[in-house]
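Novice: Make a model of this:
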Amino acid sequence: MPVDARRSPFELRTLLHSLTVAAIFPVLLAAPGRIRAQQAETKPALQAAKGVWRPVSNDVLESLTAAGKKVSWPGGTAGVVVERVSGQALFIVPDQGVWTSANGGRSFTRLKDETISGRCETGFALNADPAGSRFACFMLDGKSGLTLDSGKTWTPFQQHGRGWDYGAVDWSQEKPRTLLAVHHESGGELHLSADGGQSWKLLGKDYTAVGIFNATALVASQGSGILRSMDGGATWTKVSDRTPTGRVLCVFKGVGYWISREGLLVSRDNGATWQAQGSALESAWGPFFGKDENQIVVVGRAGKESGFWRSDDAGKTWKFAAPFPEFTKEALPDWTPSKQWAAGWFANFGWDPKRNRFYASRMGHPTFVFEQ
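Specialist: Numbering: from 1, shown residues only. Next comes the predicted model:
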């Protein structure tokens with residue numbers, strides 16, 4: 001606006017005041033927003049790394065359709081697992097086998113050995129040896145089995161009814177012989193195999209979580225505390241009042257890790273005693289380990305934030321790493337104790353620490369990868 005030199009001093013002062021207010025007022029309005037943004041930046045635990053969930057199974061599913069192959073109920077994919085050392089990812093297509101990727105989920109090919117079939121009912125149906133290369137599949141409505149060579153060859157398990165919801169493997173053995181598995185829709189029937197899945201022995205009912213330190217030391221839960229058996233499951237002794245939410249124990253470098261509503265539960269003496277490690281974080285899937293025992297990812301929630309959480313200091317602190325993917329027509333996990341979502345059902349998750357990529361699969365939906 002041009003200033004007229006013929007205006008009076010009072011008019012000039014008034015005009016200059018108006019121009020100054022007009023220039024400063026928008027800055028004042030924006031300042032609280034900038035302050036809030038700066039405050040938010042001081043809370044890294046609540047800020048997910050930037051990234052996007054991308055479906056990685058669409059090409060596979062489309063190729064199966066084009067070839068006239070029928071994907072069994074509920075369609076889509078039903079299970080994903082990642083090998084910690086190499087980052088090899090595998091997902092399950094119901095009754096259309098196991099598909100694998102060695103390039104961070106860019107492309108997948110079907111394993112030549114087609115032993116494995118059916119689908120995964122829970123997030124603990126696929127069990128990966130943390131040391132690498134070995135997997136076990138506890139399948140529903142299909143064949144289960146074990147591989148010692150990254151999926152090149154499989155040894156099938158003896159079929160039992162419709163199959164399994166989840167299971168544990170004694171990875172301390174060079175050729176695993178000791179297995180625990182919970183039978184589907186059986187009231188929590190726990191079965192033991194001492195011959196690599198070639199036969200099964202019923203140990204009891206009402207089991208909600210299982211684990212194996214070695215062929216002698218078995219652990220489990222019936223929904224209240226942790227039980228331990230040193231005689232092949234014939235008798236059980238309660239060794240902790242803490243209750244795991246993870247369906248299957250993870251033994252990494254000889255130490256047992258179980259997720260819970262209190263955070264990580266840890267045993268360094270083959271399950272005889274248990275301690276809470278690190279800060280509390282309510283978890284339902286995991287733990288997944290990275291380069292060492294300090295680098296851990298779990299899937300759970302803190303406050304209203306649900307998704308992938310990462311710790312680089314053995315659980316002392318947790319950073320929100322990725323949100324849940326949006327599965328069409330499916331709600332986010334319901335964390336009500338009586339609900340199945342927060343007990344590891346229907347969804348599978350994995351972490352590729354080599355490329356820092358997260359994987360997610362839910363029955364009837366594509367498999368996704370979170371890329372940063």
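Novice: Show me the shaky parts of the stretch 151-300 of the chain.
Specialist: The stretch 151-300 of the chain contains no residues with pLDDT under 70.
Novice: Show me the helices in this protein, by range?
Specialist: Ranges of helices in the chain, per DSSP state H, are 9-41, 58-66.
Novice: which of the residues in the last one are buried?
Specialist: Residues 60, 61, 64 are the ones in helix 58-66 that count as buried (16 or more other Cβ atoms under 10 Å). C-betas here are computed from N, CA, C, even on glycine.
Novice: Residue 310 pairs with what?
Specialist: With DSSP bridges as the criterion, residue 310 is bridged to residue 297, residue 319.
Novice: what's the burial count for it?
Specialist: 21 (other Cβ atoms under 10 Å).
Novice: With residue 178 instead?
Specialist: With other Cβ under 10 Å as criterion, residue 178 counts 24.
Novice: My read is that it contacts residue 191, right?
Specialist: No: Residue 178 lies out of contact with residue 191 (Cβ atoms under 8 Å); the separation is 11.9 Å.
Novice: just the buried residues of helix 58-66 now: which is nearest residue 137?
Specialist: Nearest to residue 137 among those: residue 60, at 17.5 Å, using Cβ to Cβ.
Novice: Would you mind measuring from the closest residue in space to residue 366 that isn't next to it in sequence to residue 355?
Specialist: The shortest distance from residue 366 to any non-neighbouring residue, by Cβ to Cβ, 6 or more residues apart in numbering, is to residue 55 (4.0 Å). For residue 55, the distance to residue 355 (Cβ to Cβ, to the nearest Å) stands at 17 Å.
Novice: Check residue 141 too.
Specialist: For residue 141, the distance to residue 355 (Cβ to Cβ) stands at 32 Å.
Novice: next one: phi and psi at the spatially closest residue to residue 99 that is not a sequence neighbour?
Specialist: For residue 99, ignoring the flanking residues on the chain, the nearest one in space by Cβ to Cβ, 6+ apart is residue 108 at 4.2 Å. Residue 108 adopts backbone torsions of phi -130, psi 140, taken as degrees, to the nearest 10.
Novice: right, and residue 108 touches residue 101 too?
Specialist: Yes: between residue 108 and residue 101 there is a contact at 4.7 Å, judged by Cβ under 8 Å.
Novice: Now for the two: what residues contact both?
Specialist: Both residue 108 and residue 101 are in contact with 56, 89, where contact means Cβ atoms under 8 Å, 6 or more residues apart in numbering.
Novice: what's the closest of the buried residues of helix 58-66 to residue 133?
Specialist: Out of the buried residues of helix 58-66, the member with the shortest distance to residue 133 (by Cβ to Cβ) is residue 60, at 23.0 Å.
Novice: Tally up the residues packed near residue 122, please.
Specialist: Neighbour count of residue 122, defined by other Cβ under 10 Å: 26.
Novice: Equivalent analysis for the one 10 residues further on, please.
Specialist: Taking other Cβ under 10 Å as the neighbour definition, residue 132 ends up with a count of 13.
Novice: just checking, it touches residue 87?
Specialist: No: between residue 132 and residue 87 there is no contact under Cβ under 8 Å: 10.2 Å.
Novice: before we move on, the earlier item: the helices of the chain: lowest mean pLDDT?
Specialist: Of all these, helix 9-41 carries the lowest average pLDDT, namely a mean of 37.
Novice: how much space is there between residue 113 and residue 145?
Specialist: Separation of residue 113 from residue 145 (Cβ to Cβ): 9 Å.
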